[in-house]
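okay, sequence plus prediction incoming.
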Amino acid sequence: MNFDEFTGQVQHRLELQDTGHAVRAIRATLMVLGERIPEGNAEDFAANLPLEIKWYMTGAVQTHSQRFDWQEFVSRVSEIEGTGVDRVEAAFHA
């Protein structure tokens, strides 16, 4: 699947208004997931992602294998997505 197909699927499934919102949701979710799982697992998982998105899970992450729960995961996604995305919406995006 290429970048346009991937972002289009996310935009459609989350009923987002444009590709920019889809990319923000993807970026936030993958960055936090990349922080949560071990580096090798992140590399393996990201191998199946479009090149433009793969970096969010591997290259953009400073520290892998952090231990945190779902609530912290959602908080981090919400924070990365930015203004206008509350925890409930961030949970849906994730």
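Arrived safely.

mind listing what's buried in the helix or strand containing I53?
I53 belongs to helix 51-57 when assigned by DSSP states H and E. For helix 51-57, a neighbour-count test (16 or more other C-beta atoms under 10 Å) marks I53, K54, W55, Y56, M57 as buried. Bear in mind the C-beta positions are built from the backbone N, C-alpha and C, glycine included.

for the longest helix that the chain contains, packing partners?
What stands out as the longest helix in the chain, according to DSSP state H, is helix 19-36. If you count contacts as 3 or more C-beta pairs under 8 Å, 6 or more residues apart in numbering; DSSP states H and E, helix 19-36 packs onto helix 3-14, helix 39-46, helix 51-57, helix 70-81, helix 87-93.

distance to H21 and mean pLDDT added to these, as CSV?
Formatted as CSV, the helices and strands packed on helix 19-36 follow (distance: least, C-beta to C-beta, whole Å; pLDDT from 0 to 100):
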stretch, distance to H21, mean pLDDT
helix 3-14, 7, 97
helix 39-46, 22, 92
helix 51-57, 15, 93
helix 70-81, 9, 97
helix 87-93, 9, 97
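
so which of those is nearest R27?
helix 51-57 (4.9 Å; C-beta to C-beta).

picking up where we left off before, output the helix holding I53 as CSV, nothing but the C-alphas.
The C-alpha trace of helix 51-57 is given here as CSV (Å, rounded to 0.1, in the frame of the first residue of the first chain):
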residue,chain,number,x,y,z
LEU,A,51,8.2,5.0,3.3
GLU,A,52,6.8,8.4,4.1
ILE,A,53,5.1,7.1,7.3
LYS,A,54,7.6,4.5,8.5
TRP,A,55,9.9,7.2,9.9
TYR,A,56,7.3,8.3,12.5
MET,A,57,7.7,5.0,14.3
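
so what's F73 closest to, chain neighbours aside?
Leaving out its chain neighbours, the residue that sits closest to F73 by C-beta to C-beta, 6 or more residues apart in numbering is V32, at 5.7 Å.
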